[in-house]
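Q: Return atomic coordinates for the entry below.
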Amino acid sequence: MTFDRRDFIRYGGTALSAALFGACDSQGPEKAEKLLRYAEKKNEGVERLIFRHTSMDHAKSNVRAAGDQFPSYFVSDVVPTLDAGAMAAWRLEISGMVQKPLSLTLDDLMKLDRQTQRVNHYCVEGWTAVAEFTGVPLRSLAILAQADPKAGYVDFQSFDNGYHESWDVESATHPQTLIVYAKDGAVLPPAYGAPARVHSPVKLGYKNTKYLTKIVFMPERNGGYWTDEGYEWYGGV
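A: Modelled structure (predicted):
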């Protein structure tokens, strides 16, 4: 029997739900809540072991980039965009457990050492697309802001109707996790998250927050737009 990414999440959630059902029926909701917290910790431990991300993702040379066929996604009613005034005022804030909080303009971001990579983008729905992304490695921004080594998680927040997702810090500082401002050699289009977004081939697409405004280093994980709706939190590839 084979499993795609949706199956992995669905069956994992089913098993957890069954366990919670039993706990709630036999010992009450307080016991179920304790079981949920325990299961979440255990699940994350297993996922960190499976998805260690010690390898690098490289799209196959014989696979064409998706170009404008690369699916776009946002949760607002229309494509989130900034007018000229708002774009000029846009800042990327890096805060939380850092010694030197940052507030970067797009120009500031583009002046930092950049990285371009042609990688796969993996969607929870089962499809994969190739694109070339250019941006600043998140690990470089973490060093610049002097992130606290005790920060175990990072939250990526946006202006797309409050969309956000939190990551484990190991995935966030993977060498291929970028704060992207260009796609396929051109300025990042609004449909794909302009002016900046996070992208990494180590996480499923819904974890890659677009329309980025804040990066917050945290001691504990929080949820996210889709993870609060029951999607798997770790979302590793």
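
Q: In contact with residue 128: list those residues for me.
A: By C-beta atoms under 8 Å, 6 or more residues apart in numbering, the contact set of residue 128 is 120-122. Placement of C-beta: from N, CA and C, glycine included.

Q: can you rerun that using 6 Å?
A: Contacts for residue 128 were tallied using C-beta atoms under 6 Å, 6 or more residues apart in numbering; they are 120, 122.

Q: who does it bridge with?
A: Bridge pairing for residue 128 (DSSP bridges) gives the partners residue 122.

Q: That one and residue 206, how far apart?
A: 14 Å (C-beta to C-beta, to the nearest Å).

Q: just residue 196 next, same as before
A: Distance, residue 196 to residue 206, using C-beta to C-beta: 18 Å.

Q: Between those two, tell me which one has more neighbours.
A: Taking neighbours as other C-beta atoms under 10 Å, residue 196 and residue 206 compare with residue 196 leading, 26 against 20.

Q: shaky segments in the protein?
A: 1-42 (pLDDT under 70).

Q: Domain map for it?
A: 5-50, 67-229 (automatic domain parsing).

Q: Confirm for me that residue 167 is in contact with residue 156.
A: No. In this structure, residue 167 is not within contact of residue 156 by C-beta atoms under 6 Å, at 7.1 Å.

Q: Among the two, which residue is more densely surrounded?
A: When residue 167 and residue 156 are compared for neighbours, residue 167 comes out ahead with 28 against 24, by other C-beta under 10 Å.

Q: Just to be sure, the more buried one is in a helix?
A: No. Counting by DSSP: H, G, I helix; E, B strand; the rest coil, residue 167 is not part of a helix but strand.
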